[in-house]
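S.K.: got a structure for you, letters missing:
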């Protein structure tokens, strides 16, 4: 594999069992492809420092709500982390180093700051992949609260999640258990990368989009839609042999896909040019 050093570090990190993946390191390796001179240790040390400072502020009572309130006060009142509502699709909101430096991010990257600081004070929390809006919650039995890292750590309940989904989709939504399912570390990273993918597609940054899709496929090699998308990006970039390989593999996996006819037409055109 002829990867950059950042890609190699990312690849090595995600070879571990899911729970052994260090999310902060993996997120920094994602950012390192954009910022080759980035030193991950500098930002890991920043997280260590945050946790040390927070530890000094924790209440004697370790009741989960009190801990969440202490984390919120430290991250949002003292350090001034906030959701970037003005320029939500700025790519910097998806790069973990920028989020730490600028104190600005989107739900999933602010959630990562929160999770990493909480982990360092031995307060277990997990990511929750609600459609359209990433949340976190304490990983403690019988504690059914959720934290919105994008909204200054607002504490919400399942009913609030249902209302938010109804607002998001502009129609009544009945909450399903899978809407509030805990995400694995690989799913967390793939969701971060998917955000970047759509930002770069919107900006027509095809080479950067390709780099993102390649990393999603490192996480989940069997994702057929990502395989198709990589083939289409190869086509747009003029990498025809690679496009043919990916699109043929896509059709082999899902021959009855809704877009199969269009993909077969494109393949016929590519084979003529190959």
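M.R.: Good, I have the coordinates. As the structure is a computational prediction, the values presented were derived from the model and not from experiment.

S.K.: Okay, the residue lying closest to residue 153 once chain neighbours are set aside and residue 152: tell me how far apart.
M.R.: Excluding the flanking residues, the one nearest residue 153 by CB to CB, 6 or more residues apart in numbering is residue 72, at 3.5 Å. For the C-beta atoms, the positions are set from N, CA and C on the backbone; glycine is no exception. Distance, residue 72 to residue 152, using CB to CB, to the nearest Å: 7 Å.

S.K.: following the helix or strand bottoming out on mean pLDDT in the chain, which helix or strand shows up next?
M.R.: Among the helices and strands of the chain, helix 158-169 carries the lowest confidence by mean pLDDT, DSSP states H and E, at a mean of 84. Per DSSP states H and E, the first helix or strand lying C-terminal to helix 158-169 is helix 185-202.

S.K.: How about residues contacting that following helix?
M.R.: With contacts defined as CB atoms under 8 Å, 6 or more residues apart in numbering, helix 185-202 is touched by 14, 18-19, 21, 23, 26-27, 30, 89, 91, 94, 106, 108-109, 112, 127, 129, 134, 183, 206, 208-209, 212-213, 215-216, 219-220.

S.K.: what's the distance between it and the middle of its chain?
M.R.: 5 Å (CA atoms, centre = their mean, to the nearest Å).

S.K.: Buried residues in it, which are they?
M.R.: Within helix 185-202, the residues that count as buried by 16 or more other CB atoms under 10 Å are 185-197, 199-201.

S.K.: Out of the residues you listed, which is nearest to residue 253?
M.R.: Nearest to residue 253 among the buried residues of helix 185-202: residue 190, at 18.2 Å, using CB to CB.

S.K.: could you measure the closest one against residue 36, distance?
M.R.: Per CB to CB, residue 190 is found 23 Å from residue 36.

S.K.: Nothing else from me, thank you.
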